[in-house]
Structures are given as structure tokens and as C-alpha cells.
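Student: Pasting a predicted model and its sequence here:
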Amino acid sequence: MALLKTNSLERYILVKLMMLCIVILLLTGCVLWLLTIKWQWILIAELLVCLLCFWNVLSIKQQVMRPYTRALLHLDAINQEDYNQFGKSAFPQGKVKEFHQQLKVLSEKLQTQKSHHDQQAFLVYQLISQLDTPVLVFNEKQQLTLGNEAFYYLFKQPWQMFRHATADLLGLYSNADGWQFIDQAKQSRWQIRHSEFIDDGENHQLLVFIDIEPALRESQLNAWQQIIRVLGHEIRNSLTPVSSMAETLADKATNERDKMVLGVITERCQHLQSFVNRYSSISQQIQIHCQWLSIKHVIKSTAGLFKDIKIVLEASVDEFWADGEFFEQIFINLFKNSQEAGATDIRVTLALQEQYYIIEVIDNGHGFSNLSNLFVPLYSTKPQGQGIGLSFCRNIIEQHHGVMELSNNDNKGVTIMLVLPKPNDNGGSSLVR
């Protein structure tokens, strides 16, 4: 009974065929015995029949199992996502032919689905690469497998330089609250959204980094503008009659001392009027007219205004895309800040990295005493400062769709980095922030 218990098709075929062979051998022996043939011939005949049965058993087993072997090879190809390999049927008709035909239809269907999936994945990755928001993709081992050009806003390097880097190396970690930066300064600036997806049978983490600083800054600027608008209105309403009365009284005054005092009042009123007018335009929209600028020409035309400072240019490219008039004013403001900070040497660098022009202005002055308040209107640590220069520069850079960042050097001085997007073929910026 143990022989009748089969757990595979191969064993089932062998058992059934062997039982059939035994029956044939018994019948053959009975027939020969009834024909009164000598036992020696009966033995030889039985041996020949046994060999013939054994050969037929092996042949039938091989013929039956061949379609399954070919089907397994076909399924293995499907498992390897190779949909061009087909298992040819061992029989031109019948169920085996139908079985292999169904496998072929399945392969073609999976091929179509894979092509559709690949096209969608390609479009998604193309979209990610064009986004102006940093997007990172990590695999199951939390290794970076994909990023986009906006990665530069996070780490100041192309993402390809960090390919296969772990999340820890990038200063990221995940917990119950989601993904976060180890650096609290970055954590307070960037909001991280994440989701999971499966690609090639592997789980991936998709991280999208949203810069909330522009929204906060816009809110702050709106508040400042509202304050300035109200104060400006009240100050103008008060200064205009005071200035007018002071001029009238000065014309009628006969005493030189009185004329001098009234003249000072008029002058200070005009100064306050000018002060209010300047601050009312801190964040106004400016018309930018970009063109190809020679960095050597821009630096030469502005460096001539600062004879006491040694200004050196190091440029790996000759031109960049910006508004010439406004950018000359930016360099004048930055050089003036360096001069007032006691700098004697300024190094200006220009490089093209991926789709960005990177301009750095590095000096050897005493640096910034408070980096957090640099762009606050009306704030200045200089005795005669008005707190408008850096705000003006950042306003111009952002309207070029760029980024301005400031930092103190390790030894001495400061580094001001300006990141400008390279124009696309249509003359527009490759990224918009």
C-alpha cells in the first residue's frame, strides 16, 4: 500500500506504469505456460518483455514530464521579468498545447503591464528631477538611491555625490513622528513629508522637503511692511507741516541762530522723509531683466570703488545669467559691508555646478555678531547702519529665483553664497523657488 501513496506526479506515473508492466509480465507468462513452452524460453521471453516495459516506462515518463519542464523554464523566465522566452509545447494539439498557449498570453500581458509601469516610473522620476523642491528616495537599507537637482538646497552638493549614502550620513533619522533632521537649524527650516512605495519588489521611502522659511519670511515681511506703512503714513503727515512751518519761519527769521535752528529742523525732516521712503520699498516686486554677464566686467566695474581692499576673482566659467544693473549694486553692497567689517582681502568665486551658478564672496573681516537678525528690517549693528543693504540683496537674489546664504568662516571673516539657476533653452530659469 505504501507504493500507492504518491506525493508527486513523477512517482504517480512510475507506480502506475510499473503496475501495468507487472500485469503484462504475468499475462505473458500465463500465455506462454498454456502454450506448453519450455520454462527456459518463458524466462527469456519474460526478460525481454521486462526490458521493453522498462524502456517504455522511462520513455512515457519523459514524454509526460517534458511539457512541465518547459513550463518551469518559462515560469522562471517570467520570474526574472524576461517575457521574451517562451516554452514550446511538446504536443501540437490538446491540453498541453492549450496550457503553453495560456502561459504565452500571460507573458505578453505581463510584458505590457511592465512596459506601462516602466513608462509611469520614468515619468515620475522625470517629474522628480524637474521639481524645485528637494526629493530623496531611500531603499530598504535606508541608502540614497535617487535625488533631484534641488538636493543642492539641502547639502550644497549634487545628489550623485551621496549616492548609496545612508540616512545617518545625511543627518536624517526616522522615528514615530516621521523623518527628521539631526541638525535643529535644518529641522526648523524644512518640513519633511514621506511616503512608501514598492519598486522592483523592494520597499522605498520617498521624502519630500518643503522649505517653510520663505512662507515665514513672507509673513514677517508683510508684518514689517504693515508697520512701515502705518508709521510712514503718520510720520509723513507729521513731518510735512513741520517742515513747511520751519521753512516759512526761517524765511521770516532775522536772527542767524534762529535760521540755523530752523534749517536743521527742515533738514532732519527731509532726512526722515527719505528714510521712510527707502524702507517702504524693502520687499517691493522689482522688474528683473536678465542677460549674460561677464563676471570679470562686473567685478572690475565695482572693485574700482574700493581702492583700499584687495579683491581677487576666481572663476571657472566666464559668464552667468542675471540682471547687470542690480547685480552690480549687490556687489557694491557686499563689498561695502566687508569694508565696514575691517576686511582687507575679498575673494570672489564663480562656478557652475549642475544647473546652478554658485557665487561666493569671502572676506577676512570680523564677521557677523548675530546671524539670526541679518535680514530683519531696521536692524543693524553698525553705528550708521540702516539695516536695508542685505535685505535688498536677498530680495534681488530671490527675484532671480535664487538663494542667498551667509555664514561666518571658521577662522576669520564671512562667506556669502549666492545660488542662481542656470537658464533653460528658452531663456527662463531651470528652477523656480
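Tutor: Cool, got the structure.
Student: Okay, buried residues for the host helix or strand of Phe331 please.
Tutor: If you go by DSSP states H and E, Phe331 is part of helix 324-340. Going by neighbour count (16 or more other CB atoms under 10 Å), the buried part of helix 324-340 is 324, 326-335, 337-339. (Each C-beta comes from the backbone N, C-alpha and C, glycine too.)
Student: what helices or strands is that helix leaning on?
Tutor: For helix 324-340, the contact count by 3 or more CB pairs under 8 Å, 6 or more residues apart in numbering; DSSP states H and E identifies strand 291-294, helix 295-303, strand 345-353, strand 356-363, helix 389-399, strand 414-421 as packing neighbours.
Student: Mean confidence (pLDDT) on the shortest one, please.
Tutor: So the one you mean is strand 291-294. Averaged over strand 291-294, pLDDT sits at 93.
Student: Tell me which other helices or strands that strand touches.
Tutor: strand 319-322, helix 324-340.
Student: For Val419, which of these is the nearest?
Tutor: Closest to Val419 of the helices and strands packed on strand 291-294, according to CB to CB: strand 319-322, at 11.1 Å.
Student: helices or strands next to the closest one in the packing?
Tutor: strand 291-294, strand 356-363, strand 414-421.
Student: right, so of those, which gets closest to Leu27?
Tutor: When these are compared by CB to CB, strand 356-363 sits nearest Leu27, at 90.9 Å.
Student: How far does the closest one sit from its chain's centre?
Tutor: Its chain's C-alpha centre and that of strand 356-363 lie 22 Å apart, by CA atoms, centre = their mean, to the nearest Å.
Student: what does it contact?
Tutor: 149, 152, 317, 320-321, 331, 334-335, 338, 341, 343, 345-352, 409, 413-422 (CB atoms under 8 Å, 6 or more residues apart in numbering).
Student: Quick check on those: which are buried?
Tutor: Buried among the contacts of strand 356-363 (16+ other CB under 10 Å): 149, 152, 320-321, 331, 334-335, 338, 341, 343, 346-350, 413-422.
Student: The helices and strands packed on helix 324-340: lowest mean pLDDT?
Tutor: helix 389-399 (a mean of 81).
Student: And that helix, what's buried?
Tutor: 389-397.
Student: by contact count, what packs against the helix or strand following that helix?
Tutor: Remark: after helix 389-399, the chain's next helix or strand is strand 403-408, criterion DSSP H and E. Packed against strand 403-408 by the contact rule (3+ CB pairs under 8 Å, 6+ apart) you find helix 389-399, strand 414-421.
Student: Okay, angle between strand 403-408 and strand 414-421 too, please.
Tutor: 160 degrees (axes from the mean of the first three to the mean of the last three CA atoms, to 10 degrees).
Student: Tell me what angle strand 403-408 forms with strand 356-363.
Tutor: On the basis of the same axes, to 10 degrees, strand 403-408 is oriented at 30 degrees to strand 356-363.
Student: what about the strands in the stretch 101-250 of the chain?
Tutor: 135-138, 144-147, 172-175, 178-181, 190-199, 202-211 (DSSP state E, counting those that start in this stretch).
Student: nearest to Ile44, of the ones you listed?
Tutor: strand 202-211 (65.9 Å).
Student: For stretch 258-272, which outside residues touch it?
Tutor: Contacts for stretch 258-272 (CB under 8 Å, 6+ apart): 235, 239, 242-243, 246-247, 249-250, 253.
Student: Quick one: buried ones out of those?
Tutor: 235, 239, 243, 246, 250.
Student: ok, which pair from these is furthest apart?
Tutor: Ile235 and Ala250, at 21.2 Å, using CB to CB across those.
Student: Tell me how far the nearest residue to Glu354 once chain neighbours are set aside lies from Glu314.
Tutor: In space, and not counting its chain neighbours, Glu354 is closest to Pro158: 5.1 Å by CB to CB, 6 or more residues apart in numbering. Pro158 sits 20 Å away from Glu314, going by CB to CB, to the nearest Å.
Student: More neighbours: which of these two?
Tutor: Pro158 (16 against 12; other CB atoms under 10 Å).
Student: And Gln355, how far from Gln130?
Tutor: 10 Å.
Student: what about the two, which has more around it?
Tutor: Gln355 (17 against 12).
Student: quick one on the thing from earlier: export the buried residues of helix 324-340 to a markdown table and append columns for pLDDT and distance to Phe54.
Tutor: Output for the buried residues of helix 324-340, formatted as a markdown table (pLDDT from 0 to 100; distance: CB to CB, whole Å):
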| residue | pLDDT | distance to Phe54 |
| --- | --- | --- |
| Gly324 | 87 | 96 |
| Phe326 | 86 | 96 |
| Phe327 | 89 | 94 |
| Glu328 | 88 | 99 |
| Gln329 | 85 | 100 |
| Ile330 | 89 | 95 |
| Phe331 | 91 | 97 |
| Ile332 | 88 | 102 |
| Asn333 | 87 | 100 |
| Leu334 | 91 | 96 |
| Phe335 | 91 | 100 |
| Asn337 | 87 | 100 |
| Ser338 | 89 | 99 |
| Gln339 | 89 | 104 |
